[in-house]
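A.B. asks: Quick one, structure for this:
(chains A and B)
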Amino acid sequence: NAGVTQTPKFQVLKTGQSMTLQCAQDMNHNSMYWYRQDPGMGLRLIYYSASEGTTDKGEVPNGYNVSRLNKREFSLRLESAAPSQTSVYFCASSPKVSAAHLGQYFGPGTRLTVT
Amino acid sequence: QKEVEQDPGPLSVPEGAIVSLNCTYSNSAFQYFMWYRQYSRKGPELLMYTYSSGNKEDGRFTAQVDKSSKYISLFIRDSQPSDSATYLCAMSANNQGGKLIFGQGTELSVKP
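C.D. replies: Now for the predicted structure:
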């Protein structure tokens, strides 16, 4: 039982390049989330998917797109990377959105640097 | 002003000390209060959650919520070097679709 997995673990991009961060969970959770973590800022929600087929914006959605490919997978795409998107990105899942307070399960993170 | 404020530390204590970690918040609609622990270069993991005001104890950890003061605390008794991590508070309201608002995190180091 792997929990939440993320690929890649590290990535360096040049300004203007695009990339997709992959996330998968094997806990049969309905809800999935993408966060970014920056020094002094805590975790900020980028996008979330309450259930398969739905996505909604979080606190900092600009510059990102998401796809809920199926119940297991939720990807985050940067279409034209900017230095301000240098961050650590975490994917998380929970059984359902209304039970998010019972615990979101986080992946190991992707460290992204945009030069 | 951030909705949730947390002293980033770092906080350094000797092994066996009692540690107090705190967060303040401004949104009176918050009903659920959580504490996450994050080891270096790992994802956060849920330690405890409480609903509304009151205390909750789990082993060496006690979470307190004072909604009248908009203040929450996490106490760690008999702290161990293995408790060295960043501790993040998080909060949510019933009408926010499960969205969590996190504090900045407090980095704790427990010295042997």
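
A.B. asks: burial measure for residue 95, as a count.
C.D. replies: Using chain A here. Neighbour count for A:Pro95, taken as other C-beta atoms under 10 Å in any protein chain shown: 16. For every residue, glycine as well, the C-beta is placed using N, CA and C.

A.B. asks: switch to chain B, that's the one I care about
C.D. replies: Residues near B:Asn95, counting by other C-beta under 10 Å: 8.

A.B. asks: if I pick it, what's in contact with it?
C.D. replies: B:Ala29 (C-beta atoms under 8 Å, 6 or more residues apart in numbering or on different chains).

A.B. asks: swap the cut-off to 6 Å and go again
C.D. replies: Not one residue lies near B:Asn95 by C-beta atoms under 6 Å, 6 or more residues apart in numbering or on different chains.

A.B. asks: and if you look at the one 10 residues further on?
C.D. replies: Shown in contact with B:Gly105 (C-beta under 6 Å, 6+ apart): A:42, B:86, B:88.

A.B. asks: Enumerate the residues of chain B near chain A.
C.D. replies: Selection of chain B residues close to chain A by C-beta under 6 Å from any C-beta of the partner chain yields B:32, B:43-44, B:46, B:49, B:92, B:97-99, B:102-105.

A.B. asks: now, which of those lie within strands?
C.D. replies: Of the residues of chain B next to chain A, the ones assigned to strands by DSSP state E are B:32, B:46, B:49, B:92, B:102.

A.B. asks: Of these - the most surrounded one?
C.D. replies: Counting by other C-beta under 10 Å, top hit in those: B:Phe102 with 25 neighbours.

A.B. asks: and it, what does it touch?
C.D. replies: Per C-beta under 6 Å, 6+ apart, neighbours of B:Phe102: A:42-43, B:88, B:90.

A.B. asks: For PyMOL, what selects the buried ones among these?
C.D. replies: Buried members of the contacts of B:Phe102 can be picked out in PyMOL with the line below, counting by 16 or more other C-beta atoms under 10 Å in any protein chain shown:
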select buried, (chain A and resi 42+43) or (chain B and resi 88+90)
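
A.B. asks: quick one: which of the contacts of B:Phe102 is nearest to A:Leu76?
C.D. replies: Lowest distance from A:Leu76 to these (C-beta to C-beta) belongs to A:Leu43, with 14.3 Å.

A.B. asks: ok, the closest one touching A:Gln37?
C.D. replies: Yes - the pair A:Leu43 / A:Gln37 is scored as a contact, 5.1 Å apart, by C-beta atoms under 6 Å.
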